[in-house]
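K.L.:
Give the three-dimensional model of this entry:
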Amino acid sequence: MNAPTTVLVLGGTGFVGPHVVTAAVERGHRVTVFNRGTRRERVPDGVEVIAGDRELGRLDSLRGRVFDMVVDVPTMRPAWVTDVAAALGAVGRYVFVSTISVYDLASQDAGTEAAPRLVYAGDAAAVTEEEFRANVAELYGPLKAAAEDAAVACFGDRATIVRPGLIVGPGDPTYRFTYWVDRLARGGEVLAPGDGDDPVQVIDVRDLASWLVRLGESDRGGAFNAVGPPTTTTMGDLLDAVMAGVGDLVDAPARLTWVPAEFLETHDVAPWADLPAWLPRHDPSAALARIDPTGALHAGLDLRPLAATARDTLGWLRALSESERAAMRTRAGLAASREAAVLDAWRSVA
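P.N.:
As a prediction, the model looks like this:
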């Protein structure tokens, strides 16, 4: 398959999905989106939208349909894969969006596609939506790994597995990378975690989406780690890139105050949740920031500079209404008052 002409995007109205749809349309494909149909305004004109619900097994609109490429974005459980495979007619290439969270961090080789993955010991088909949401931290990786296995079982060598890391950029609803863009643009003294040398990896959603489509076009199978940049990046590098990207758009100059991880821990400042994208290098989970992207890069993954991602993310954020920005700021990161209190406490002992 050199240039598929019909593309089905499963879940095309969340964060990654709309970018996949846009990339496929821009490359001249005829695109169909399958989802619950609750956000039709996020689908470009000319794209076919068919409604259904994989969680409830409502797949009649897919029965017997034939596509050159399927890009499966939102799947969390293996039954979603097997049900779609049973409903569809012929499929040329099935691109499954997984996650680096499938890797067993206890492995000494957790950075490569060949590393051992987590295993879900129970009956994956019996996990309810409520159980999944209540235990997402424990279930997310193992169930994604089980869904990968289902993809290979159903589609064989027509399956392509893509494992992204932290996906960032315009439209990101999590406010994780966006926290740093927003915070540095507001200026003043900024609490920066650790010493600047902890590893970080992110991927711009637009780079991921474009590559997913091109990877499907190339008809290349296998598994790929979709992370970046290609060389080791630290928290210091990331914040420097953000400052460079938002440069002339800031409300006031920002100055970083690096606070040791041990001090933050004693003041109940949690990595990732309170200070997004950051994991201390002594934390076992920091292995997820040392993933090897060599295979993906050789398969055509292109990565734009972090500064460009930061600038575009700030533009998107500032285009939101004030109420939307306020809601976003509750999702991750330190509130201004808490950041100030921790900085005051650090200055008293530094």
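K.L.:
which ones are touching the closest residue in space to Met235 that isn't next to it in sequence?
P.N.:
Setting aside the residues directly before and after it, Met235 is nearest to Asp198 in space (CB to CB, 6 or more residues apart in numbering), at 4.8 Å. C-betas here are computed from N, CA, C, even on glycine. If you count contacts by CB atoms under 8 Å, 6 or more residues apart in numbering, Asp198 has them with Thr234, Met235, Ala261, Trp278, Leu279, Pro280, Arg281, Ala286, Ala289.
K.L.:
what about 6 Å?
P.N.:
Asp198 makes contacts with Met235, Pro280, Arg281, as judged by CB atoms under 6 Å, 6 or more residues apart in numbering.
K.L.:
How about His267?
P.N.:
Applying CB under 6 Å, 6+ apart to His267 gives the contacts Val342.
K.L.:
just Thr32 next, same as before
P.N.:
Contacts here follow CB under 6 Å, 6+ apart; on that basis Thr32 touches Leu8, Glu48.
K.L.:
which residues of the chain fall in helices?
P.N.:
16-26, 78-87, 129-134, 136-155, 176-186, 205-217, 235-246, 261-266, 294-298, 306-319, 322-328, 336-349 (DSSP state H).
K.L.:
ok so, going back, could you pull up phi and psi at the residue nearest to Met235?
P.N.:
Here is the backbone geometry of Asp198 (degrees, to the nearest 10): phi -70, psi 140.
K.L.:
tell me, how many neighbours does the nearest residue in space to Gly57 that is not next to it in sequence end up with?
P.N.:
Nearest in space to Gly57, with sequence neighbours left out and distances taken as CB to CB, 6+ apart, is Asp83 at 6.2 Å. For Asp83, the number of neighbouring residues by other CB atoms under 10 Å comes to 19.
K.L.:
coming back round to it: scan the contacts of Asp198 and report the most crowded one.
P.N.:
The member of the contacts of Asp198 that has the most neighbours, counting by other CB under 10 Å, is Met235 with 25 neighbours.
K.L.:
Next one: that one relative to Arg347, how far apart?
P.N.:
Using CB to CB, to the nearest Å, one gets 21 Å for the distance from Met235 to Arg347.
K.L.:
thinking again about what came up before, let me see the confidence value for the residue nearest to Gly57.
P.N.:
Model confidence at Asp83, expressed as pLDDT, equals 95.
K.L.:
Distance-wise, check it relative to Leu59.
P.N.:
From Asp83 over to Leu59 the distance is 6 Å, taken as CB to CB.
K.L.:
returning to what we had before: by mean pLDDT, show me the worst of the helices of the chain.
P.N.:
Mean pLDDT across the helices of the chain is lowest at helix 129-134; the value there is a mean of 83.
K.L.:
Tell me the buried residues in that one?
P.N.:
Buried residues in helix 129-134, defined by neighbour count with 16 or more other CB atoms under 10 Å: Phe132.
K.L.:
Send me that helix as CSV with only the CA atoms.
P.N.:
As requested, C-alpha coordinates have been extracted for helix 129-134 and formatted as CSV (Å, rounded to 0.1, in the frame of the first residue of the first chain):
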residue,chain,number,x,y,z
GLU,A,129,-15.8,1.6,32.7
GLU,A,130,-16.3,2.6,36.4
GLU,A,131,-13.5,0.2,37.6
PHE,A,132,-11.2,1.5,34.9
ARG,A,133,-11.7,5.1,35.8
ALA,A,134,-11.3,4.4,39.5
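K.L.:
picking up where we left off before, closest to Arg133 among the contacts of Asp198?
P.N.:
Pro280 (27.7 Å; CB to CB).
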